[in-house]
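Colleague: Take this sequence and fold it.
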Amino acid sequence: MLLRLTLFLIISGSFIYIYSLNPQPITFFFFKDRSTALPVILLILISFSIGMLSALIGFILTDIKRLFNELKERRTVKRFLDAKKSYQEGVDNFYRGNLNKAENLLKRSVIKDPEFLDPYLKLAEIYLEDNRSLAAVDILKKGLSFNLSNAEIILKIADCYTALKDMEKSLDVLNEYLRQDPTCLYALMRLRDILVKGGQWHNAVEPQKRIIAISKNIYENEEEVNLLKGIRYEAAKAYYDMENFSSAVEQLEEILKIDPGFIPAHVLLGSIYYKQGKPSSAVKVWERAYRKYHHISLFMQIEELYLRESLPYRIIKLYKRTIDSNPSNKNLRLFLARLYLRLEMIDEAIMELELLTKDGEDSTYQNLLLAEAYMRRNRFDRAAAAFKKGIGIKKEDTLSVFKCRECSSSIKGWDGHCQNCGKWNTLELAI
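Modeller: Coordinates of the predicted model:
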């Protein structure tokens, strides 16, 4: 109060002082032909009053606006709290198995606050569980209209199209979102998975490369790099089947830059040369890889090539030369004996297998081959004994030659891809 009184006295004193210095009136024109004489102090007072009135109106309008915003915010908060309550009740009923009640409560939540996105997602989940994928898409699109860049809803829409087996629309949704956010790891992974599932291996390469570039976890990155090698390998196989050999070689070369010991790439590279009418180049690829990595599947490829070309003496010569340079490699001697059996060189097969037995080798596969050789010579007693011995060593997987080092599943022939665990370059000799 004292402050206001002091302020009033100061302002009043100022006006009186100014008036004492400027008592003369001035002519003030309203229009060209209309004017009036007013003291200077009165003009100042009028201007001051207008300014104060304008400020007062401004303050009043600001207060009205603030009041309006507060009321609006309160209504928004109340609407959100009501919607959230309905949403929570709906979720509770969902987990209790009351799906109809849950659906109604969630719909009520959407009506109360259309901008609250959680009910849209939960409704979509209910619709998907009830195999109503189109209804899930519709409710998600409704939610998306209130937040056009919401990643969770966009990716859920892609999942719905996947559930509908409409992969094209799912891919369109994911690609459109990735144009807005190229670094969304989940979207890239979903895109890659759909492409892989659809056998579009060559299209899956680029998303996988981006996943590796974004991924920070070292262990996960290693897994993703291994997956990239597998995707490139499958893309190369697809190109090979289409006889697009240059693209196939390009993919294989990229694999071997990352991992020179990726055996399936060497195998397929040789196959490409052979299909191009270059058998000598194919053999060179396989021989060079075998000398470095000693994987028997490479020798098996050479064996098949020479047999197809009706050149069995060459593979026999190669077997013997390689065995002479590495006499401790019992597996090569075993596969040489198997080759003898394939060529009906029964006596040579029996001699090689019996020498292996004398050297202390006694595997299931070896005894089964020996039993087969004895049977072809009508030496049934020895065949039965060898067979019995082989079965006695290992009763299960008796015909398995290769085993996956990741999942331990066994198969008879070599493949670049384990069908059981889905890993590549994991099958190793297990005899």
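
Colleague: Low-confidence ranges, the stretch 201-350 of the chain, go.
Modeller: Residues of the stretch 201-350 of the chain that meet the criterion pLDDT under 70 lie in 217-220.

Colleague: ok, which stretches of it are helices?
Modeller: For the stretch 201-350 of the chain, applying DSSP state H, counting those that start in this stretch gives helices covering 201-214, 218-241, 245-258, 263-275, 279-293, 296-308, 312-325, 330-342, 346-358.

Colleague: and the angle for the fourth one with helix 245-258?
Modeller: Taking axes from the mean of the first three to the mean of the last three CA atoms, to 10 degrees, one finds helix 263-275 and helix 245-258 inclined to each other by 150 degrees.

Colleague: tell me which residues of helix 263-275 are tucked away?
Modeller: Neighbour counts over helix 263-275 (16 or more other CB atoms under 10 Å) mark 263-274 as buried. From N, CA and C alone the C-beta is placed, and that goes for glycine too.

Colleague: CA atoms of it as PDB?
Modeller: Backbone C-alpha positions of helix 263-275 (Å, rounded to 0.1, in the frame of the first residue of the first chain) are rendered in PDB as follows:
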ATOM      1  CA  ILE A 263      33.900 -73.600 -47.100                       C
ATOM      2  CA  PRO A 264      30.400 -73.300 -48.900                       C
ATOM      3  CA  ALA A 265      31.700 -70.300 -50.800                       C
ATOM      4  CA  HIS A 266      34.700 -72.300 -52.100                       C
ATOM      5  CA  VAL A 267      32.400 -75.200 -53.000                       C
ATOM      6  CA  LEU A 268      29.900 -73.000 -54.900                       C
ATOM      7  CA  LEU A 269      32.700 -71.000 -56.600                       C
ATOM      8  CA  GLY A 270      34.100 -74.200 -58.100                       C
ATOM      9  CA  SER A 271      30.600 -75.300 -59.200                       C
ATOM     10  CA  ILE A 272      30.200 -72.100 -61.100                       C
ATOM     11  CA  TYR A 273      33.500 -72.600 -63.000                       C
ATOM     12  CA  TYR A 274      32.400 -76.200 -63.800                       C
ATOM     13  CA  LYS A 275      29.000 -75.000 -65.000                       C
END
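
Colleague: Please name every helix or strand in contact with that helix.
Modeller: helix 218-241, helix 245-258, helix 279-293, helix 296-308 (3 or more CB pairs under 8 Å, 6 or more residues apart in numbering; DSSP states H and E).

Colleague: Need the residues that contact the longest one.
Modeller: Going back to what we said before, that points to helix 218-241. Residues outside helix 218-241 that contact it (CB atoms under 8 Å, 6 or more residues apart in numbering): 192, 196, 199, 201-202, 204-205, 208-209, 211-212, 215, 245, 247-249, 251-252, 254-255, 258-259, 262, 264-265, 268, 271-272, 275, 416-417, 423-425.

Colleague: Put the buried members of those into a ChimeraX selection.
Modeller: The following ChimeraX line selects those of these that are buried, judged by 16+ other CB under 10 Å:
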select :192,196,201,202,204,205,208,209,211,212,215,248,249,251,252,254,255,262,264,265,268,271,272,416,417,423,424,425
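
Colleague: and residue 55, how many residues sit next to it?
Modeller: Summarising burial for residue 55: neighbours were counted as other CB atoms under 10 Å, giving 10.

Colleague: quick one: pLDDT of it?
Modeller: Confidence at residue 55, expressed as pLDDT, is 74.

Colleague: wait, is it part of a helix?
Modeller: Yes - for residue 55, which was evaluated using DSSP: H, G, I helix; E, B strand; the rest coil, the result is membership in a helix.

Colleague: tell me how far stretch 308-317 is from the chain's mean position?
Modeller: Per CA atoms, centre = their mean, to the nearest Å, the displacement of stretch 308-317 from the mean C-alpha position of its chain is 45 Å.

Colleague: gap between the two ends of that stretch?
Modeller: 16 Å (CA to CA, to the nearest Å).

Colleague: buried stuff in that stretch?
Modeller: 312, 315-316.

Colleague: Return the closest of the residues you listed with respect to residue 136.
Modeller: Ranking the buried residues of stretch 308-317 by separation from residue 136, with CB to CB as the measure, puts residue 315 on top at 59.3 Å.

Colleague: gap between the spatially closest residue to that closest one that is not a sequence neighbour and residue 343?
Modeller: The shortest distance from residue 315 to any residue that is not its chain neighbour, by CB to CB, 6 or more residues apart in numbering, is 4.1 Å, and that residue is residue 306. For residue 306, the distance to residue 343 (CB to CB, to the nearest Å) stands at 11 Å.

Colleague: Kindly report the same for residue 61.
Modeller: 103 Å.

Colleague: What of residue 172?
Modeller: Relative to residue 343, residue 172 is positioned 56 Å away (CB to CB).

Colleague: that older thread, which of the helices and strands packed on helix 263-275 sits closest to residue 363?
Modeller: When those are compared by CB to CB, helix 296-308 sits nearest residue 363, at 13.6 Å.

Colleague: what does that closest one contact?
Modeller: Contacts of helix 296-308 with the rest of the structure, by CB under 8 Å, 6+ apart, involve 263, 266-267, 270-271, 274, 279, 282-283, 286-287, 289-290, 312, 314-315, 318-319, 322, 331-332, 335, 339, 342, 402, 414, 427, 429.

Colleague: Also stretch 198-213?
Modeller: By CB under 8 Å, 6+ apart, the residues outside stretch 198-213 that reach it are 167, 182, 185, 188-189, 191-192, 195-196, 221, 224-225, 227-228, 231-232, 234-235, 237-239, 247, 251.

Colleague: One more pass at 6 Å, please.
Modeller: Identification of contacts with stretch 198-213 by CB atoms under 6 Å, 6 or more residues apart in numbering yields 167, 188, 191-192, 195-196, 224, 228, 231, 234-235, 238.

Colleague: One more: stretch 263-273?
Modeller: Residues from elsewhere that reach stretch 263-273, judged by CB under 6 Å, 6+ apart: 233, 236, 245, 248, 252, 255-256, 281-282, 285-286, 289, 295, 301, 416, 425.

Colleague: what's the farthest-apart pair in those residues?
Modeller: Among the contacts of stretch 263-273, the pair separated by the greatest distance (CB to CB) is 245 and 295, at 23.2 Å.

Colleague: before we move on, back to that, distance to residue 134 for the helices and strands packed on helix 263-275 - can I get that in TSV?
Modeller: Rendered in TSV, the data for those read as follows (distance: least, CB to CB, whole Å):
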stretch	distance to residue 134
helix 218-241	32
helix 245-258	38
helix 279-293	52
helix 296-308	48
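
Colleague: Of all those helices, which one is nearest residue 80?
Modeller: Go through those one by one with CB to CB and the one that ends up closest to residue 80 is helix 218-241, at 37.1 Å.

Colleague: Between helix 245-258 and the closest one, find me the angle.
Modeller: 160 degrees.
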